[in-house]
Each structure stands twice: as structure tokens, then as C-alpha cells.
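Student: Attaching a predicted model along with its sequence, questions to come.
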Amino acid sequence: MSIKLDWETDAQTGVVQHAGEDPETQNRRRAARLRFSLIVLGIVLIGALIVTGLLVRLRQVDSIIERQLQVTVDAEIAAIRIGDSNAYLSIQWQALDNPTLTADWITRQMAKFDTYQALKLSNDVNLTGRILSTTIDGQNGRVQVEEIIDGIPYGRVEFYWRFQEGWRHVPPAYSFWGESATITENHFTIMAREVDAAVAAAVATEFNRWYESICATLTCDNLPHLTIDITPDSLPTIHWSELDTWRLQIPSPYLQRARLDQPFDPSLRLSTAAVLVERLTATMDTAARTDADFLKTSFGDYLIEQFAQVDTAAHLITSLAENYGIDSVRRLLNVISPTATIAALSLVTNEPLDEMRLDWRDFLTFRLESELTYIRESAESSYYALYNMNDPLTATAAANRLAAGDNGTRPNVVSALVERDETGTIRLRAIVVDANDETAPARETIFVLVEGIWKRAN
């Protein structure tokens, strides 16, 4: 018989008793963890407060710097508004170590000041002083300011530098024109920087519309992809890049003052249209002062009119498109050759010239201008080719006119009507005025069809 200990009995019954952790120790551990968490939270909060304070302070400093710039701009505009040249000059930058640069800048700024004073005398000028945007990068400041001239809102971009004594107006910093951005469409890509963002958007809208006309008359699939670069570089005018024949470089309107209501303003739109059309029609091989050359030029004027929405007096091509459909213009371009005459229109419409519903004014003006050119150049054969030399009276009138020489007029046909005279002859009667002399009486010039071509008959 043996004696069993308590722990042996508990083991046999499957019960193991553990001694639990002291409750006081547990409380101390929880308290330590809480203190640590509070300390970490406190450090984080203190750090956040410090960072917030620094950010607030930086914003305050930035706000003060921006406000100082705006005060400088306000003072400069006020000086122009009241005509105070001394106050105006006090805001201008001076390179103390380079008198030549200083003199050049001051001269340019005084010329600008005088221009404003003259402009105020002849136009309704409202220098509102409203700052449209302010951009500051370190010591650099760029400001866009509104001014209203004859009711049209404009924006000017001016540059400033922060010196110890304050902001001063400085020459343009083209490197501070903002980040570059790209607009890509099916037929073209526009590249511009931040200042010209609104201009780029307007150009994109217009070029999408322009390409509708281009693709309706030319084969767009054969045209290279066009790149339009709106740049602040001091370009003399719109031009094609020497490195890329289909890269069109347009000077930023903000090199001067830019319209706010029409960022792609009418004059810039017209200039851009003319340069683009010249490139589009460059491959059409025609000789000067021929019918083919007229058709090429008239088509170009038609496109410019569609693009810039101005009257280019492209009467013949416009009437062809309106009366025979835009596809007739495409067909005409396909039959234009260096030797083509105005009779090519019959191939397009399947109608004789005298039955076509066309406006002949610009074509007849072209013929009369060519006539004067041949007189000045004494190009007799080319001159007589414009006349119906089968008629003795017409031949005599032509010879007399050639002998008299250039009469100094600039013909402009204001009316052209196809009619049948008393003998049954179909003729084209033109009413011509002198564009150089509005007081000169209008005269009548008659054209008749000779072998399918309009020729002068009086």
C-alpha cells in the first residue's frame, strides 16, 4: 500500500492547476502600454501642429509676397492710367551693373507708356487693373492683367522679379511661360504652354472645323499629320519650321495683348489660314496669270473664306460649291493642270459655260487685271489672246488700248450677267468699277465664248 501525493492524484484525473498572473502585474502592463500610446500620440500631434503651423506660415508668407506683387501691378497700371511717367519708371527694373541693358529696357517701357497715352486719346481705353492670374516661382512673378479697348477685353502677360526693395517689372522670361501641354486630334497635334492654354483650345476647335472643309475637297488620307506649335519665342510671323515641313509655328498672342473673348482672334486666324492654304495648294503646278492659276488661287481663297469666315471674293468657286455641291470642287481640283483653261468647269458640271449657274465676277476681274499686266510688260501675244480677235472691231479696240498703255486703273467687276444680245449672240456683260477711284464712272465690258473660252469683245 502506497501513499499518493495531491499532484499525482490531479494528474490522474486529468486536472492540471495553473497559478494565474497577478492582477496587479496585469494592470501595470496595461498602464505602461497606455502611457506609451499617449506619448506617441502626443508626439504625432505636436509634429502635426508644427507642420500645420509651418504650412500656415508659408501660406501667409506666400500670400504676403503675392499681395506685394499685386500692389506693384496696381501701382504700375495706375501710373499709366493717370499718365505719371515718374511713378511708372520707379517700378521698372534697372541693371545697375549694365547701363546699356537698363537704357534699352527703359526706352522700350517709355515707348509703351507713350503708346498707352496716345491710345487713350483716340480709343475707349479701360485699364481695369483686374488681375486674371498670378504665378510666382521663387523670385519670378508672372501676371496676366485685363484691359478693355473699345469694348473688347484683352489680356496682357507681364513679368516681375522680387528684389530686396520689392517687385520690379522686368523683360519677358520666355522660360517662365508655364508647363507644356499637348492636344492630339486625328489630323493634327497642338503643342502649347500654360500661358497659351486657352489659345490652344480655341485653335483645336477651329482646326477641327477647318479639316471638315479640307477633307471635303482634298484627300485627307494623303496629307501628313500637322503639328501646330504655339510658342513664346520671338518669331517675326507665322511660319513653317525649317526642320519639319509640316510643323506650323505660331507666335503666342500674349507676346503683345491677346483677346480674351476670342483667344484665336480674327487677324491671327486669317494669317494662319493663309499660311496653311498656301502649303495645301503648293503642289498644284500652274503658270502665272493662266486660267489654271486663277482656279488654284480661287480655290485657295475659297478655303481661306471657309476657315477665317471673311469675304475673300472667291465668287466662282463658292457658287460652284453652292450650286453643284462640294464634290464638284473636288472634281475640279482633279482636272486642273498647267494647261487647263476655264473650260475645265464644263468637265465638272457637264454644262456649257454660258449655261452654268456660276458667279463670274472674280474670274473677269482676274482677266482684266491680267490684261493690264500684259500691257505694262508689252507681252503682246498674251495680251491679244484675251480678246476675240476674230471680230475686226474688237481687234481694233484691243490694238488702241495696247498703244495707249497702262491707264492706272484697278478693275473690279461688281456685276456679271450672261445674256443674249439682239443678234442672238450669247455674251457675258460685266460692270466694272475702278477700285482706285470710287468717283470714276462704271463701265461696261463684254465677253463672248470663243472655242469654249470667255474672251473680251469690246
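Tutor: The structure has been received and is ready for your questions. Given the structure is predicted, the values throughout are model-derived calculations rather than measurements.

Student: three-state assignment of residue 448?
Tutor: strand (DSSP: H, G, I helix; E, B strand; the rest coil).

Student: What is the neighbour count of residue 386?
Tutor: 19 (other C-beta atoms under 10 Å). The way it works is simple: take the backbone N, C-alpha and C, and place the C-beta from them, glycine included.

Student: Quick check: it touching residue 454?
Tutor: No - with contact defined as C-beta atoms under 8 Å, residue 386 does not reach residue 454; the gap is 9.5 Å.

Student: Name the single longest strand found in this structure.
Tutor: strand 152-163 (DSSP state E).

Student: Who are the packing partners of that one?
Tutor: helix 23-82, strand 140-149, strand 166-170, strand 257-259 (3 or more C-beta pairs under 8 Å, 6 or more residues apart in numbering; DSSP states H and E).

Student: again, only using 6 Å
Tutor: Counting contacts by 3 or more C-beta pairs under 6 Å, 6 or more residues apart in numbering; DSSP states H and E, strand 152-163 is packed against strand 140-149, strand 166-170, strand 257-259.

Student: Same question for that strand: list its buried residues.
Tutor: 153-160, 162 (16 or more other C-beta atoms under 10 Å).

Student: Make CSV from these and add distance to residue 441 and pLDDT to it.
Tutor: Output for the buried residues of strand 152-163, formatted as CSV (distance: C-beta to C-beta, whole Å; pLDDT from 0 to 100):
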residue, distance to residue 441, pLDDT
153, 45, 97
154, 44, 96
155, 49, 96
156, 49, 95
157, 53, 95
158, 54, 95
159, 58, 95
160, 61, 96
162, 68, 94
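
Student: want to try a markdown table for those residues, with distance to residue 271 as columns?
Tutor: Listed next are those as a markdown table, based on distance: C-beta to C-beta, whole Å:
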| residue | distance to residue 271 |
| --- | --- |
| 153 | 21 |
| 154 | 18 |
| 155 | 20 |
| 156 | 20 |
| 157 | 20 |
| 158 | 25 |
| 159 | 26 |
| 160 | 31 |
| 162 | 37 |
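
Student: Where do the strands of the stretch 301-450 of the chain begin and end?
Tutor: 411-420, 426-434, 443-450 (DSSP state E, counting those that start in this stretch).

Student: do the same with the stretch 151-300 of the chain
Tutor: 152-163, 166-170, 180-184, 188-193, 226-231, 239-240, 247-251, 257-259.

Student: nearest to residue 111, of the ones you listed?
Tutor: strand 166-170 (14.1 Å; C-beta to C-beta).

Student: what packs against that closest one?
Tutor: Using 3+ C-beta pairs under 6 Å, 6+ apart, strand 166-170 sits against strand 152-163.

Student: Tell me what angle the strand it packs on forms with strand 166-170.
Tutor: Note on geometry: by axes from the mean of the first three to the mean of the last three C-alpha atoms, to 10 degrees, strand 152-163 and strand 166-170 are set 120 degrees apart in direction.

Student: Domain-wise, how is this structure divided?
Tutor: 59-174, 177-277, 281-357, 361-456 (automatic domain parsing).

Student: hang on, the earlier thing: how about the strands of the stretch 151-300 of the chain in TSV, adding distance to residue 280?
Tutor: Supplementary listing: these in TSV, determined by distance: least, C-beta to C-beta, whole Å:
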stretch	distance to residue 280
strand 152-163	31
strand 166-170	41
strand 180-184	21
strand 188-193	13
strand 226-231	10
strand 239-240	12
strand 247-251	12
strand 257-259	26
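
Student: where in the stretch 351-458 of the chain is pLDDT low?
Tutor: Across the stretch 351-458 of the chain, nothing is flagged by pLDDT under 70.

Student: And the helices in it?
Tutor: 361-377, 380-384, 392-404 (DSSP state H, counting those that start in this stretch).

Student: Tell me which of those sits most buried.
Tutor: Comparing these by mean neighbour count (mean count of other C-beta atoms under 10 Å), helix 361-377 comes out on top with a mean of 19.

Student: ok, residues contacting it?
Tutor: 289, 294, 313, 315-316, 382-383, 386, 402, 406, 411-413, 416, 430 (C-beta atoms under 6 Å, 6 or more residues apart in numbering).

Student: could you redo the last one with a cut-off of 7 Å?
Tutor: By C-beta atoms under 7 Å, 6 or more residues apart in numbering, the residues outside helix 361-377 that reach it are 289, 294, 298, 313-316, 342, 382-383, 386, 402, 405-406, 411-414, 416, 430, 432, 445, 447.

Student: Now a PyMOL select for only the buried ones of these.
Tutor: Remark: buried members of the contacts of helix 361-377, expressed as a PyMOL selection using 16+ other C-beta under 10 Å:
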select buried, resi 289+294+298+314+315+316+342+383+386+402+411+412+413+416+430+432+445+447
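
Student: element containing residue 132?
Tutor: Secondary structure from DSSP states H and E places residue 132 in strand 131-137.

Student: That strand to strand 166-170, inter-axis angle?
Tutor: Using the same axes, to 10 degrees, strand 131-137 lies at 100 degrees relative to strand 166-170.

Student: now strand 131-137: how far from the chain's centre is it?
Tutor: 23 Å (C-alpha atoms, centre = their mean, to the nearest Å).

Student: Direction included, what does that strand pair against?
Tutor: strand 140-149 (antiparallel) (DSSP bridges).

Student: Mind listing what's buried along the strand it pairs with?
Tutor: 141-147, 149.

Student: Distance from stretch 413-427 to the middle of the chain?
Tutor: Worked out by C-alpha atoms, centre = their mean, stretch 413-427 lies 44 Å from the chain centre.

Student: I meant stretch 250-260, not that one.
Tutor: 9 Å.

Student: do the same with stretch 402-419
Tutor: Using C-alpha atoms, centre = their mean, the offset of stretch 402-419 from its chain centre is 37 Å.

Student: Can you get me the start-to-end distance on stretch 88-106?
Tutor: 10 Å (C-alpha to C-alpha, to the nearest Å).

Student: can you check stretch 231-243 too?
Tutor: End-to-end distance (C-alpha to C-alpha), stretch 231-243: 16 Å.

Student: can you list contacts of that stretch?
Tutor: Residues contacting stretch 231-243 (C-beta under 7 Å, 6+ apart): 174, 177, 193, 247-252, 255, 271-272, 275, 279.

Student: Also stretch 324-335?
Tutor: By C-beta under 7 Å, 6+ apart, stretch 324-335 touches 216-217, 295, 299, 317, 320-321, 344-345, 347-349.

Student: out of these, which are buried?
Tutor: 217, 295, 299, 317, 320-321, 344-345, 348-349.

Student: now, among those, which is nearest to residue 86?
Tutor: Nearest member of the buried ones among the contacts of stretch 324-335 to residue 86, counting by C-beta to C-beta, is residue 299, at 57.6 Å.
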